[in-house]
Structures are given as C-alpha cells and as structure tokens.
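> Test case, fold it:
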Amino acid sequence: MRIRPRLLVASLAAAVVIGVGGGIVLGRTMADDDVPDDDIVLTEPGEYQQPLDAEGGAATGVALPSTTLYDLADAEVTTTELIGRPMVVNIWFTTCPPCARELADFAAVHAELGDAVRFVGVNPIDERDTMVRFADQRGVAYELYRDLGAAFVDALGVISYPTTLFVDADGTIVSTAGELDADELRARIEAVF
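Numbers count the residues shown, from 1 in each chain. Sure thing, here's the model as predicted:
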C-alpha cells in the first residue's frame, strides 16, 4: 500500500482547520457571563475550595438529606435516625491530610462535651477496618459510619474534604466548615448550638 503525501498533507490541514474553527465557534458561544459565580475555585494545585455562603457553607439552612449509612457492623442506618439532638457530622477519609490533622482534635472535643452534642464521623472512601484503625489511632470514640457509594456526600454536594456539618436537633444544617482545629471546633459549636 502506497501512502500519498499530498492526500496525507491535505487531510492533516483539513483536521487543523476544523479543530481551530470549532474552538473559535465554541469560544464565541461561551461569554464570560455564562460562567456561574459559584464555580469551584482552584486556589493552589491540588487544593479545591467550595464557595461558601454567608453562613459558612453551601448546604446551610436545609434539612440533612435522608440517605443510608452503614455502621461498624454493616447494619443500615438512615441519616434521619441520627436526628434528635445537636450534632457534629464530620466527613473524612484516611488518605486526606487535613482530615488526619483534625481527627484527634475532634476526638478531644468530643471527650470534653460528652453527650451534650452528638459526634458522627462519615467516611465515603475507606473499608471498615481501615477506617476504624485510623480513627482508633487518633482517639476517636464517637460513632463512625461508612457512606457506601457516596450517596450521602453526593446528596450534600460535598466537593472538598474534610467537611463538617453542624446540624440542629430538628435536622437542619445550620453551618458547615472545612478543616478545623480544637479551638475552632469548640467556638463553632458554641456559636451554633
């Protein structure tokens, strides 16, 4: 089989013209005002920031979504079963560096507050044993659940980790936050509950 140089050059030239022309047409159809203000913002390579509203989070003022989580015995628990008293819901996983940094602080604040505020950890990534071992190493003694298939985080629209929800006794998300240290966590609990 003999390749015709002129046909090959003509084909490549046509592909370039079509590609460039398509890019120009696409660029003209997308004006700057077509881009929503609440896009995810890349602040540093590998660090994504979810835009926050005036209350500190994108999901405030809405009911905790009703989805199924799995406890350490792999029993199903609906998120609505967790409602009934003020609750701190921390969404984390083991290979998330900010999650690892804050987990011991959450354990310490939980130990201080006892039963006044319910602490719940939700992990959408790790297997049960990995999650438990990691949490145990950081002193976590509060409830841990797995979010198999990420139904809970998808319903919330979580795009960054860790994410912490502050949920009042009736199930309304009153505030959200990213990474928190112990002092910030105490202050947030005091402010919202």
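> tell me which element the residue nearest the centre of the chain falls in.
The centroid of the chain falls nearest to residue 158 when counting by CA atoms, centre = their mean (3.2 Å). Using DSSP states H and E, residue 158 sits in no helix or strand.
> In the sheet, which residues pair with the nearest residue to it once chain neighbours are set aside? Tell me.
The shortest distance from residue 158 to any non-neighbouring residue, by CB to CB, 6 or more residues apart in numbering, is to residue 91 (5.9 Å). Where C-beta positions appear, they are placed from N, C-alpha and C, glycine not excepted. Taking DSSP bridges, one obtains residue 122, residue 163 as the residues bridged to residue 91.
> got the contact list for residue 91?
Counting by CB atoms under 8 Å, 6 or more residues apart in numbering, residue 91 touches 122-124, 147, 152-153, 156, 158, 161-165.
> Could you look up the SS state of residue 77?
Three-state assignment for residue 77 (DSSP: H, G, I helix; E, B strand; the rest coil): strand.
> Sticking with residue 175, tell me its helix or strand.
Taking DSSP H and E as the definition, residue 175 sits inside strand 173-177.
> Which strands and helices lie in contact with that strand?
In terms of contacts (3 or more CB pairs under 8 Å, 6 or more residues apart in numbering; DSSP states H and E), strand 173-177 is packed against strand 163-167, helix 182-192.
> quick one: the shortest one to helix 182-192, angle?
Just to be clear, that refers to strand 163-167. Interaxial angle, strand 163-167 versus helix 182-192 (axes from the mean of the first three to the mean of the last three CA atoms, to 10 degrees): 30 degrees.
> Run through who's touching strand 163-167.
Contacts with strand 163-167, where a contact means CB under 8 Å, 6+ apart, come from 57, 59, 64, 83, 86-91, 153, 156, 173-178, 180, 185, 188-189, 192-193.
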